[in-house]
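Student: Provided below are the primary sequence and the corresponding predicted coordinates.
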Amino acid sequence: MADTDDILTVRGLKAYYQMAYFGIEREVRAVDDVTLSIRRNEIYGIAGESSSGKTSLIKVLAAAIRPPLKVVDGSLTYRFGDLEIDPYKARKEEVDAIRWKHLSYIMQGSMSVLNPVRRIKHSFTDFALRPMGVPKNIFWERTKAHLERLNLSPDVLNAYPHELSGGMRQRVTIALATVCQPEFIIADEPTTALDVVVQKDVLAMIRNVQQQMGSSVVFVTHDMSVHANMADRIGIVYAGRLVEEGPTRTLFTAPKHPYTAHLVGSLPRIGDTSAKSALEGRPPNLADPPPGCRFHPRCPLAIEKCKTEVPPLATVGESHRSACWRADDVRPLTTISHRAEAVL
Amino acid sequence: MTTLLDVRNVSKRFAMGGILSRKHVDAVIDVSFTLESGTPEIFTIIGESGSGKTTLARMILGLEEPSEGDINFEGVSAAERKDRAARLSFMRRVQPVFQNPFEAFNPLKQVERYLEATARTLLGLKDKAEIEAAMDGALQKVGLSYREIKGRYAHELSGGQLQRVAIARALIPEPALLITDEPVSMVDASLRMSIVNLLRDLRDKFGVSVIYITHDLATAYYISDRIMIMQKGYVVEMGPARPVLDAPEHAYSRLLKESVLSIEDAGSGKLEPADRSMAKAAWEATGEGQLVARDGGRLVRVAR
């Protein structure tokens, strides 16, 4: 049975987009047989390219899906203190009761999250007042204290979204998502479209909030350098499946899936002049994925077995799992210097 | 050796607000650089949001008029390009590629229509076969073919493919200069290198000069010949890309380099927020500062 240290346990989760046009049924397997667990007080990164199903996966985790996306199989269990809840089996009121209070969501594109014609303080009352369940004066006291903890001036409450810069708005949405001190935070591409200097500030802020509150964070981005610096553990998603999962350092130094090896090895770095190549081909169509291992058409290590048999997500090391028939033959494309170890 | 592009003491000032509360914003302040036509190169402009990179690119493209200074392209000043014929002949030589390929293409139009329109207006082609040959030639340069994109709409192509189509469109008139504004920031990290390698091939195989605007220092280091770092409108450091990025001298250049998330530290969770105080202090002093030459062709802005 699951460890009590896990805040979220996902088993064999399948979520498909089911559509019927003119009598033809079409199924897009965006989340296909995902099993993972998130521990308390950790940052879990989900990496993968566009249309790999990573956003569908976290929407399913956040219980924020709408038809045609449906959960067709598997289970999803959150443990908040004594409360154990599967959002897809619980009643709607029970799910609504955990939102913001226990489970919150930092969305992509801060401009479209904040209402452009209302001041920031109204966004706070709209989202957070009811879940926090305290009188208004205490609510504002807590909100201001929270903003100060995040190095934001309480003056932002009186501003309109367009008066703030992109980085500032993103920080306001983080403050909004964390003001109720949730135990579980989901972040979807929190720093895309921010420039390098601001990106680092925003990431440092998310990490800071996480450490202060001891919550768990699941975040999604395709940028591996963000994962390198944020995540405690990383899960790599390819074509709707989890293909590798492990501690950050392990995935970067000793990947056991050729896709991960490529993602890490193709990153350009300052001081590195060797030629880097992009992966040939394109991600598979999830309505008609290739048989066997879904990565085999693009895989440099593919053998006959890969074309017919689906590799299971097998343990290859300490808390390190990989879904590859040739996991032992995967070599990192570039060696990463052990600068971090040298310092310690 | 002749000069391809000569940007001389260019400034751009935008007016904001109404008659009574008029304010000025200096987007670009006294920028000068030249590109030579005999030696194709990738010239990178780097800086954070609001540093004036895009305004500078728009001025080079002739979409904005500089408030001060002059931009010469192949000996012709931007101010002299008044009529449509002059404008078209300029566009044959300089072409843009924009940031987000999904926004650049109309979702209801087949992408080939853009290539076709470019071939018709800029090359003056009328014959269907000639147009197709021009489109196919440009698509071949970016590693695609006309057969692959024929009849396709933007949503049917991946971000990387679409950005390559956008570059192919720009290549139809066989320009001497390509201006690319953050061409990889909306493209997946795994496809990013295909675009970056393509820009390098354009320089090496087809002799096209590229102005590459970005805030990604890692790809800049990977492909650029020269680099220009901008902070709030000012050029703070300029020179050969690799020496500058290996050992940046100006406080702002150092801040940018320190902000790059390094995968060397993977898993150690090092995320101290960048210290802006040095860069801020340097910027406050730049107004009176000047660019001074250093060894190896590097220019650095120092306070007087």
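Tutor: Looks like it arrived, so ask away.
Student: who are the packing partners of the helix or strand of chain B with the lowest mean pLDDT?
Tutor: One helix or strand of chain B scores below all others by mean pLDDT, DSSP states H and E: helix B:277-286, with a mean of 73. If contacts are counted by 3 or more Cβ pairs under 8 Å, 6 or more residues apart in numbering or on different chains; DSSP states H and E, helix B:277-286 sits against strand B:226-231, strand B:234-240, helix B:251-259. The C-beta positions use only the backbone N, C-alpha and C, and glycine is treated the same way.
Student: pull the residues that contact that helix.
Tutor: Here helix B:277-286 makes contact (Cβ atoms under 8 Å, 6 or more residues apart in numbering or on different chains) with B:Gln231, B:Lys232, B:Tyr234, B:Val236, B:His250, B:Ala251, B:Tyr252, B:Arg254, B:Leu255, B:Arg301, B:Ala303.
Student: count the residues that sit near the third one.
Tutor: This points to B:Tyr234. Residues near B:Tyr234, counting by other Cβ atoms under 10 Å in any protein chain shown, number 23.
Student: relative to helix B:251-259, how tilted is the least confident helix or strand of chain B?
Tutor: 160 degrees (axes from the mean of the first three to the mean of the last three Cα atoms, to 10 degrees).
Student: how far off centre is helix B:277-286?
Tutor: 26 Å (Cα atoms, centre = their mean, to the nearest Å).
Student: for it, C-alpha coordinates in CSV please.
Tutor: In CSV, the C-alpha atoms belonging to helix B:277-286 read as follows (Å, rounded to 0.1, in the frame of the first residue of the first chain):
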residue,chain,number,x,y,z
SER,B,277,22.3,46.3,-7.4
MET,B,278,25.5,46.4,-9.4
ALA,B,279,23.7,46.5,-12.7
LYS,B,280,21.4,49.1,-11.4
ALA,B,281,24.2,51.3,-10.2
ALA,B,282,26.0,50.8,-13.5
TRP,B,283,22.8,51.9,-15.4
GLU,B,284,22.4,55.0,-13.3
ALA,B,285,26.0,55.9,-14.3
THR,B,286,25.6,55.0,-18.0
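Student: one step back: adding distance to chain A and mean pLDDT, write the helices and strands packed on helix B:277-286 out as a markdown table.
Tutor: Formatted as a markdown table, these follow (distance: least, Cβ to the nearest Cβ, whole Å; pLDDT from 0 to 100):
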| stretch | distance to chain A | mean pLDDT |
| --- | --- | --- |
| strand B:226-231 | 11 | 92 |
| strand B:234-240 | 13 | 91 |
| helix B:251-259 | 4 | 87 |
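Student: how about these, which one is nearest A:Met205?
Tutor: helix B:251-259 (14.1 Å; Cβ to Cβ).
Student: in the stretch 51-200 of chain A, which spans are strands?
Tutor: Under the criterion DSSP state E, counting those that start in this stretch, the stretch 51-200 of chain A contains strands at A:69-80, A:83-85, A:103-106, A:184-188.
Student: and the last one, which strands flank it?
Tutor: Yep, that's strand A:184-188 we're talking about. strand A:103-106 (parallel), strand A:216-220 (parallel) (DSSP bridges).
Student: just the mean pLDDT for the first one, thanks.
Tutor: Right, the one you point to is strand A:103-106. Averaged across strand A:103-106, pLDDT comes to 86.
Student: how does chain B divide into domains?
Tutor: Per the TED database, the structural domains of chain B span B:3-100+B:178-248, B:105-175.
Student: what about the nearest residue to B:Ala189 once chain neighbours are set aside, how many residues nearby?
Tutor: Using Cβ to Cβ, 6 or more residues apart in numbering or on different chains and skipping the chain neighbours, the partner closest in space to B:Ala189 is A:His222 (4.8 Å). Neighbourhood size, A:His222 [other Cβ under 10 Å]: 22.
Student: helix, strand, or coil at A:His222?
Tutor: Under DSSP: H, G, I helix; E, B strand; the rest coil, the three-state class of A:His222 is coil.
Student: now do the phi/psi pair for it.
Tutor: With angles defined as degrees, to the nearest 10, A:His222 sits at phi -100, psi 0.
Student: for A:Thr248, see how far away it is.
Tutor: Applying Cβ to Cβ, to the nearest Å, the value for A:His222 to A:Thr248 is 16 Å.
Student: quick revisit: got the angle for the least confident helix or strand of chain B vs strand B:234-240?
Tutor: Going by the same axes, to 10 degrees, helix B:277-286 is angled at 110 degrees with respect to strand B:234-240.
Student: so where's the chain shaky on pLDDT?
Tutor: Since you didn't name a chain, this refers to chain A. Along chain A, the parts satisfying pLDDT under 70 run over A:1-4, A:109-111, A:193, A:334-344.
Student: wrong chain, I was asking about chain B
Tutor: Ranges of chain B meeting pLDDT under 70: B:1, B:190, B:267-270, B:273-274, B:286-288.
Student: which helix is the longest one in the chain?
Tutor: Went with chain A since none was named. helix A:196-213 (DSSP state H).
Student: looking at chain B here, not the other one
Tutor: helix B:189-206.
Student: what comes up buried for it?
Tutor: Residues B:189-200, B:202-203 are the ones in helix B:189-206 that count as buried (16 or more other Cβ atoms under 10 Å in any protein chain shown).
Student: give me every residue that touches A:Pro87.
Tutor: Listed by Cβ under 8 Å, 6+ apart, the contact set of A:Pro87 reads A:Ala63, A:Leu76, A:Tyr78, A:Val95, A:Ile98.
Student: repeat for A:Thr191
Tutor: A:Gln170, A:Val198, A:Gln199, A:Val202, A:Leu203, A:Thr221, A:Asp223, A:Val226.
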